[in-house]
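Student: this one's sequence-less:
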């Protein structure tokens, strides 16, 4: 798979998760405002990934989307959000 195709795939997955994730409102030692800051960073890294992809700087695009995914995974591991990463439809496997 080309770097461009990988960047497109990961950007699409991160966009889907960011648009569909569910915030958990259970008591937590983490201030909800801090979760908002992290989610803003996720969105910013995703915007960067799309920008660099459009500039054909695919390595930088992949790095940016990887940061975005890492922050999303960290929030999920901390139990602050719920989501599932998209999977390929059976017809594409």
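Tutor: Arrived safely, thanks for sending. Since the model is a prediction, treat every value here as computed from it, not as a measurement.
Student: only C-alpha atoms from now on, for both contacts and neighbour counts.
Tutor: Fine.
Student: which residues in this protein form helices?
Tutor: 3-20, 32-54, 58-77 (DSSP state H).
Student: does residue 17 touch residue 85 like I think?
Tutor: Yes: using CA atoms under 8 Å, residue 17 makes contact with residue 85 at a distance of 6.4 Å.
Student: so for these two, which residue has more residues nearby?
Tutor: Counted by other CA atoms under 10 Å, residue 17 and residue 85 do not tie: residue 17 has more neighbours, with 18 against 12.
Student: one step back: looking at the helices of the chain, which is nearest to residue 26?
Tutor: helix 32-54 (10.4 Å; CA to CA).
Student: now do the buried residues in that closest one.
Tutor: 38-39, 41-43, 45-53 (16 or more other CA atoms under 10 Å).
Student: where does the protein have low pLDDT?
Tutor: Counting by pLDDT under 70, the chain contains low-confidence residues at 27, 88-93.
Student: make it 80
Tutor: Low-confidence segments of the chain, defined by pLDDT under 80: 26-28, 88-93.
Student: about what we covered before: would you list the helices of the chain in a markdown table and tack on distance to residue 26?
Tutor: Listed next are the helices of the chain as a markdown table, based on distance: least, CA to CA, whole Å:
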| stretch | distance to residue 26 |
| --- | --- |
| helix 3-20 | 18 |
| helix 32-54 | 10 |
| helix 58-77 | 13 |
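Student: residue 72: how many residues sit nearby?
Tutor: Neighbours of residue 72 (other CA under 10 Å): 23.
Student: no no, residue 59
Tutor: 15.
Student: now do the contacts for it.
Tutor: Residues counted as contacts of residue 59 (CA atoms under 8 Å, 6 or more residues apart in numbering) are residue 3.
Student: so what's the nearest residue to residue 76 once chain neighbours are set aside bridging to?
Tutor: Spatially, and ignoring its direct neighbours in sequence, residue 76 is nearest to residue 82 (5.9 Å; CA to CA, 6 or more residues apart in numbering). Under the criterion DSSP bridges, residue 82 forms beta bridges with residue 22.
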